[in-house]
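Undergrad: kindly return the folded structure for what I paste below:
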Amino acid sequence: ADVRMQMRAKEYGTRYSREAGVPKSVDFVQAFMIHVIDEGPVPPVFASEAFIEGEFVKHSSNSGWIADEVVRSTPHAFA
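TA: This next block holds a predicted model:
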């Protein structure tokens, strides 16, 4: 469900970014699933993303945290 939701958010970000007058484009990292082959009764499954090099500014979290300094409103619209 998490990977599907992230891909849906990526789709909306792409649509938003195509509109005229958009100050900054929106993109989401493609998520993927890792199924671990295990001998246990329930093999573990993980959602993952590729590592992104460089500086990263976190604007919000899935648990409801929002940065004190709101530089742009766009990231919160897609949170």
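Undergrad: so where do the strands sit in this structure?
TA: For the chain, strands defined by DSSP state E occupy the ranges 31-35, 45-49.
Undergrad: sheet-wise, list the partners of the last one with their directions.
TA: Okay, so that is strand 45-49. strand 31-35 (antiparallel) (DSSP bridges).
Undergrad: what lies in contact with the partner strand?
TA: Asp2, Val3, Gln6, Met7, Pro43, Val45, Phe46, Ala47, Ser48, Glu49 (Cβ atoms under 8 Å, 6 or more residues apart in numbering). In short, each C-beta sits where N, CA and C put it, glycine included.
Undergrad: pick out the most distant pair among the residues you listed.
TA: Pairwise distances across the contacts of strand 31-35 (Cβ to Cβ) peak at 22.8 Å, for the pair Met7 and Pro43.
Undergrad: looking at those two, which is more packed in?
TA: Met7 (13 against 10; other Cβ atoms under 10 Å).
Undergrad: just to check, that one is in contact with Gln30?
TA: Yes. Counting by Cβ atoms under 8 Å, Met7 does reach Gln30; the two are 7.2 Å apart.
Undergrad: hang on, the earlier thing: of the contacts of strand 31-35, select the buried ones using a PyMOL command.
TA: Here is the PyMOL command that selects only those of the contacts of strand 31-35 that count as buried (16 or more other Cβ atoms under 10 Å):
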select buried, resi 6
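Undergrad: now His35: how far from Val42?
TA: 11 Å (Cβ to Cβ, to the nearest Å).
Undergrad: looking at these two, which one has more neighbours?
TA: His35 (9 against 6).
Undergrad: what's across from the more buried one in the sheet?
TA: Val45.
Undergrad: quick one, helices of this protein?
TA: Remark: helices assigned in the chain by DSSP state H are 2-18, 74-77.
Undergrad: what comes into contact with the last one?
TA: Going back to what we said before, that points to helix 74-77. Pro23, Lys24, Val26, His59, Ser60, Ile66, Val70.
Undergrad: can you pick out the most distant pair from these?
TA: Pro23 and Ile66 (19.4 Å).
Undergrad: which of those two has more neighbours?
TA: The residue with more neighbours, out of Pro23 and Ile66, is Ile66; 13 against 7, by other Cβ under 10 Å.
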